[in-house]
Each structure stands twice: as structure tokens, then as C-alpha cells.
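>>> Generate coordinates for the sequence data below:
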Amino acid sequence: MQHAVGAPLPPPQGPGNGPWTHQAQHSGQPGQAGPPPPPMAPGPQPQAPAPAPQHAPVPPSRETTGHIQLPPGGPVPLPAPPADAGTGAATLAVLLIGPAGAGKTTVAKLWAGRRRVPTAHVSLDDVREWVCSGFADPQAGWNDHSEAQYRLARRTCGFAARNFLANGISCILDDAVFPDRPVVGLGGWKRHVGPGLLPVVLLPGLEVVLERNAARSGNRRLSDEEVARIHGRMAGWYGSGLPIIDNSTYDVETTARVLDDVLARSIASPPAW
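Reported below is the predicted structural model:
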């Protein structure tokens, strides 16, 4: 007999009724039943013991590994202003924008790793490349398939960010978001993460971007023409109201420190976007 996993086993069956006691009463000869039970003596009969009380299962503790509170599904709100310098211990969601070669991923990883509170980093390019067979590489041409996989990756990043935030873990995302292309614009990020998302643009000079791109390999390396075209379109962020960091002369640590200061100002006075 099979029972559902986690369900209590049924109590042992009474004499002569269950499959276990039935075999014990066989006389030893196959096919022959054992002697009938003796008649019950007159008088009061013994009462069967009361069944043990059934207790409701104890819900798992939030401290138990594997049992964490799931997000309520609401959008990420704006964080409260930190009491310390920089972003301090604030729980926040950040979107680092910039062209290929701007240093988004490197800066985001360092900033996330240096904070005093738990902080995750999610790169849209990494999530998009989770698709192994059938990956629609945008470098091969932007079409319905590459757009669909981009939208899926962005939605996955947004869900991850909301999951992290709901459990007290900050999250920084990075993506090449264009100011003049709604498909890969800020609207989708705001929809999937929430109005509390803090966007910051990382935009070094073209010469720096070309040099950094030349050091790349694989499908992350673009042609010089493509890099120049993307960089030119990213210049549209000037005048948008979003904070922009020109890290042409900064090393990674300096850029991460400047990013933290910019985010602290964004928390105090959120950009309109």
C-alpha cells in the first residue's frame, strides 16, 4: 500500500481485518483458514484506546534552509534615504546602463561585492546566453527571435531582482539600454522591476570604449563600427535627467565609489524617468 509523501501512516488494523494479522492466523496449510476466534465473554467489554490527537503540521521556520519568504509580487519601491555616507545599508535595485566596453559588468560586480549588506549582480547578457541551443545572437541581426529572447531575459532579470529585494538582498543589473529605442528602453525595466529602480548611465569616451572592446573575445567583442554606432546612440542620454558617469579616466574602484555616491544622491532625489 502506498501513502502520500509526508502523510501520517494509518493506525494498525484490528485483529482479523488487516493484511498483516490475516497471514499470522493461517494454519500453515495453503488455502485453509485458521480456527474461528473464541466467543466474547459476557459482561462489559474493554474500550478501545482513544486515537492519538492529530496535530497540524508545524510550518517551516524562515531560518530553515530552503524555506525563504517568496516575494509578494509587488513592484520594487523607492528605498529610504540611508543614514550613512553613500548608499550605506539601503536595500535597493540599480540598473547600470552603457555601451559595450563601458565597464558595466566589471563595475557592477565590484560595487556589489564591496557593499556592507547582501547585494546581487545580474547581467542581462549572461541571462540571455542561458539559451544554448537556438541562441539568437543579436550580432547576427536583430529579428523577431533575438527580440523575443531579449524580452525574456529582461523579464527574467526583473523577476530575479524582485525576488532578491523581497528577501532583503539588493540587486544591480546591467544592460545596454538605448534612449531612442523603446524595445530595449527603460520602460520594460520599469515595468518588470518597479518605480524604485535607480538607473545610472556609464558612458566613457569613444576611444576608451574601442580599446576595451578590442580586449574582448568571443561574441562579446563587436566590430569597431558597431561600437561607434552604439556609443553615438548612447549619447542621447545626455539631457535625459538620468545621472551619467564619464569613467574615461577612472579605474574600476574609483568608478564603483563614484557610482555609490551617485546612487546616494538618486535615493535622496530620485531621477524622473
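>>> Can you report phi and psi for the residue nearest to residue 91 when sequence neighbours are not counted?
Leaving aside its chain neighbours, residue 91 sits nearest to residue 170 (5.1 Å; criterion: C-beta to C-beta, 6 or more residues apart in numbering). Every C-beta, even on glycine, is put in place using the N, C-alpha and C of the backbone. Main-chain torsions, residue 170, degrees, to the nearest 10: phi -70, psi 160.
>>> next one: residue 269
phi -140, psi 90.
>>> so which helix or strand takes in residue 242?
Under the assignment given by DSSP states H and E, residue 242 is not contained in any helix or strand.
>>> Look at it and say how many residues are nearby.
20 (other C-beta atoms under 10 Å).
>>> For the residue nearest to residue 91, list each beta-bridge partner.
Per DSSP bridges, the residues bridged to residue 170 are residue 119.
>>> any idea how far residue 152 is from it?
Residue 170 sits at a distance of 24 Å from residue 152 (criterion: C-beta to C-beta, to the nearest Å).
>>> who has more neighbours, the two?
Using other C-beta under 10 Å, the more surrounded residue of residue 170 and residue 152 is residue 170, with 23 against 14.
>>> What residues does that one make contact with?
90-94, 112, 115, 117-120, 164 (C-beta atoms under 8 Å, 6 or more residues apart in numbering).
>>> Compile those into JSON lines and extend it with columns for pLDDT, distance to residue 237 and neighbour count.
Listed next are the contacts of residue 170 as JSON lines, based on pLDDT from 0 to 100; distance: C-beta to C-beta, whole Å; neighbours: other C-beta atoms under 10 Å:
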{"residue": "90", "pLDDT": "92", "distance to residue 237": "24", "neighbour count": "18"}
{"residue": "91", "pLDDT": "93", "distance to residue 237": "26", "neighbour count": "21"}
{"residue": "92", "pLDDT": "94", "distance to residue 237": "20", "neighbour count": "24"}
{"residue": "93", "pLDDT": "96", "distance to residue 237": "19", "neighbour count": "26"}
{"residue": "94", "pLDDT": "97", "distance to residue 237": "16", "neighbour count": "26"}
{"residue": "112", "pLDDT": "97", "distance to residue 237": "22", "neighbour count": "18"}
{"residue": "115", "pLDDT": "95", "distance to residue 237": "25", "neighbour count": "18"}
{"residue": "117", "pLDDT": "94", "distance to residue 237": "28", "neighbour count": "13"}
{"residue": "118", "pLDDT": "96", "distance to residue 237": "30", "neighbour count": "13"}
{"residue": "119", "pLDDT": "97", "distance to residue 237": "24", "neighbour count": "20"}
{"residue": "120", "pLDDT": "98", "distance to residue 237": "25", "neighbour count": "16"}
{"residue": "164", "pLDDT": "96", "distance to residue 237": "26", "neighbour count": "21"}
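>>> Now, the residues you listed that are in strands?
Cross-referencing those against strands under DSSP state E gives 93-94, 119-120.
>>> Can you name every helix or strand that the top helix by length along the chain contacts?
Of all segments of type helix in the chain, defined using DSSP state H, the longest is helix 144-166. Using 3 or more C-beta pairs under 8 Å, 6 or more residues apart in numbering; DSSP states H and E, the elements in contact with helix 144-166 are strand 119-123, helix 124-128, strand 170-175, helix 186-193.
>>> can you give me the helices in the protein?
For the chain, helices defined by DSSP H occupy the ranges 19-24, 104-114, 124-128, 144-166, 186-193, 206-214, 224-234, 252-268.
>>> So, low pLDDT: which residues of the stretch 151-273 of the chain?
Filtered on pLDDT under 70, the stretch 151-273 of the chain yields the residue ranges 273.
>>> cutoff 80 now
In the predicted model of the stretch 151-273 of the chain, residues 217-220, 271-273 satisfy pLDDT under 80.
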